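Undergrad: Any chance you can model this:
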Amino acid sequence: MTMKSIKEREVEQLATTYVTVQELLYALQFVVFQVTPAIQEGPYPRRQSILSRKKRLLI
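TA: Reported below is the predicted structural model:
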């Protein structure tokens, strides 16, 4: 939607289910993109440190 088409609409037209669902999808997409790097980085450093500790104990 362009700014012109938004300004021409009434409040009731803007508050439709479509707009609500569209905003929800944008919010979910934002959350997923913000959390994804943390998920990718999460367990690997700890797993590597546990493996390195086990190797040190065996040596």
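
Undergrad: What count of nearby residues applies to residue 5?
TA: Residue 5: 8 surrounding residues under other CB atoms under 10 Å. Just so you know, the C-beta spots here come from the backbone N, C-alpha and C atoms, and that holds for glycine as well.

Undergrad: By residue count, tell me the biggest helix in the chain.
TA: Once the chain is assigned using DSSP state H, the helix that runs over the most residues is helix 17-41.

Undergrad: Please point out which parts of that helix sit buried.
TA: Buried residues in helix 17-41, counted by 16 or more other CB atoms under 10 Å: none are found.

Undergrad: where does this protein have low pLDDT?
TA: Along the chain, segments meeting pLDDT under 70 span 1-4, 6, 14-19, 38-59.

Undergrad: how about 50 then?
TA: Applying pLDDT under 50 to the chain picks out no residues at all.

Undergrad: Counting neighbours, what do you get for residue 9?
TA: The local packing of residue 9 (other CB under 10 Å) involves 13 other residues.

Undergrad: Residue 7 too?
TA: Close neighbours of residue 7, defined as other CB under 10 Å, add up to 7.

Undergrad: sec struct for it, please.
TA: helix (DSSP: H, G, I helix; E, B strand; the rest coil).

Undergrad: Check the gap between it and residue 30 for me.
TA: Remark: distance between residue 7 and residue 30 (CB to CB, to the nearest Å) = 25 Å.

Undergrad: helices and strands around the longest helix of the chain, which ones?
TA: Judged by 3 or more CB pairs under 8 Å, 6 or more residues apart in numbering; DSSP states H and E, helix 17-41 has no packing partners among the helices and strands.

Undergrad: Alright, that wraps it up for me.
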